[in-house]
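Take a look and give me a structure for this.
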Amino acid sequence: MMRRRPGFTAIVLLCTLVISNSLAPLVLAQTLSLTPEQLDQLLSPIALYPDSLLAQITTASTNPQEILDVDNWLQQNLGLTGTALTDAAEKQGFDPAFIALVNFPQVLEMMAQHIDDYAAIGQAFTADQGAVSASIQRLRSQAYAAGALRANSQQQVEVQQPAAGQTIYVIQPANPQVVYVPQYDPTVVYVGPSTSTVVATSLISFGAGIAIGALLVDNRPWGWGGWGWSWGSRRVYYNHSVWIGWGNPYRPPYIWYRPRPVIWTNRPGYGGNWHYRPRNYRPPSYRPGNRPGYSRPPYGPNNPPGYRPGNRPTPRPTPRPSTRPAVRPTTPRPSTKPAPRPSTKPAPRPSAKPSKPAPKPQLKPDSRPQPRGGQL
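Numbering: from 1, shown residues only. Prediction:
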């Protein structure tokens, strides 16, 4: 029995699929090409994080919808900590980067609040990991030259100079079982203090350390020991292998996130000038153990843009207090009419004659015939 030859349409579809898969990274890189200054603006708030934590953040940024979902899931499971929290996140089917990040709720909250910036980081990371790696090393070099990036009791800073001549800055926790998240102002840390009285190393502060003893496992994809950054090849690795994507990617039940363009003039470092501060700029700062006080993004499970899932009622907005002054109760004015004068006529006297008695009722004679005597 002879086999049918594939039709012309099937051949065209197959060729289109192969070409699209091979050219997808190139097309993505062309459509999402960012200048080095723009990459520095996006990565400046996290470039000084430890390498493993930075690898988790950049790979997690490739799915911005999952950032919102995991952050809201954490809001509903505030009582879980440690191994119980990690196991519950694994049962939800989250990607390995998020299973490792659930122990850093402040980091996920920061990513959710600035979701458009991290979505742009994820797109740039997917298009070209080398450009992202070069931006991180460029920012670390500026912070080290300013004197702000130094080793201390919270972190280790190792300066490497390979044969190629490019200096590489590696940041690791001082204690392998405790991670400190640095907090700094990008408008200051990359250029040094403005006055000589300020010590440059004090420009970076640290919150409470987060114990990751439960995450130091090698038999799990999200294990902390399997994360890192290969600066020589300028690639991120997780689970002891190069990251090229998730094997079983998380599929959100609903898509609430809608990408919006990044407004570069609203970010510090515009045009490569780290002295530039946008209007109403507030440096990122929050107390350890508390969530930042910024407003949440205008979209999420309770407020999706243009979509209302049927199984989740939309909460009614809280009425704002009225700014109008309260209405004072009106007091009735006294009447201006004169009061009526009392009458001068004497009251009528009662009559002295007794009243007549009521007449007695008279009985009518019976008109019925009376019976005769002796007869019943």
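
Run through the stretch 101-250 of the chain and note the low-pLDDT ranges.
Low-confidence segments of the stretch 101-250 of the chain (pLDDT under 70): 163-164, 197, 218-219.

ok, now with 90
161-166, 192-202, 207-208, 211-226, 232-233, 238-249 (pLDDT under 90).

ranges for the helices of it?
105-113, 115-127, 129-145, 186-189 (DSSP state H, counting those that start in this stretch).

closest to Y237 out of the ones you listed?
Of all the helices of the stretch 101-250 of the chain, helix 129-145 sits nearest to Y237, with 10.7 Å by C-beta to C-beta. Glycine gets a C-beta too; all of them are placed from N, C-alpha and C.

Buried residues in that closest one, which are they?
Applying a neighbour-count criterion of 16 or more other C-beta atoms under 10 Å, one finds 129, 131-137, 139-144 buried in helix 129-145.

Take that helix, keep the C-alpha atoms, and write them as PDB.
Provided in PDB are the C-alpha atoms of helix 129-145 (Å, rounded to 0.1, in the frame of the first residue of the first chain):
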ATOM      1  CA  GLN A 129      21.500  36.700  29.300                       C
ATOM      2  CA  GLY A 130      25.000  38.000  28.300                       C
ATOM      3  CA  ALA A 131      23.800  41.700  28.200                       C
ATOM      4  CA  VAL A 132      22.100  41.300  31.600                       C
ATOM      5  CA  SER A 133      25.300  39.800  33.000                       C
ATOM      6  CA  ALA A 134      27.400  42.600  31.600                       C
ATOM      7  CA  SER A 135      25.000  45.200  33.200                       C
ATOM      8  CA  ILE A 136      25.300  43.600  36.600                       C
ATOM      9  CA  GLN A 137      29.100  43.500  36.500                       C
ATOM     10  CA  ARG A 138      29.100  47.100  35.300                       C
ATOM     11  CA  LEU A 139      27.000  48.300  38.200                       C
ATOM     12  CA  ARG A 140      29.000  46.300  40.700                       C
ATOM     13  CA  SER A 141      32.200  47.800  39.400                       C
ATOM     14  CA  GLN A 142      30.800  51.300  39.900                       C
ATOM     15  CA  ALA A 143      29.700  50.500  43.500                       C
ATOM     16  CA  TYR A 144      33.100  49.000  44.300                       C
ATOM     17  CA  ALA A 145      34.900  52.000  42.900                       C
END
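
contact partners of it?
34, 36, 39-40, 43-44, 47-48, 54, 58, 121, 124-125, 149-150, 157, 159, 166-169, 171, 189-191, 229, 231, 234-236, 274 (C-beta atoms under 8 Å, 6 or more residues apart in numbering).

okay if I get the buried residues of helix 129-145 as TSV plus distance to R267?
Output for those, formatted as TSV (distance: C-beta to C-beta, whole Å):
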residue	distance to R267
Q129	22
A131	18
V132	17
S133	21
A134	19
S135	14
I136	17
Q137	20
L139	14
R140	19
S141	20
Q142	16
A143	17
Y144	22
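
Out of those residues, flag the one nearest to V242.
Q129 (9.3 Å).

do you know how far that closest one is from N63?
16 Å (C-beta to C-beta, to the nearest Å).

Equivalent analysis for T81, please.
Taking C-beta to C-beta, one finds T81 at 24 Å from N63.

quick one: which of those two has more around it?
N63 (23 against 12; other C-beta atoms under 10 Å).

Let me see the contact set for the more buried one.
D95, G122, P249, Y250.

what about 10 Å?
69-70, 94-95, 97-98, 119, 122, 246, 249-252, 257 (C-beta atoms under 10 Å, 6 or more residues apart in numbering).
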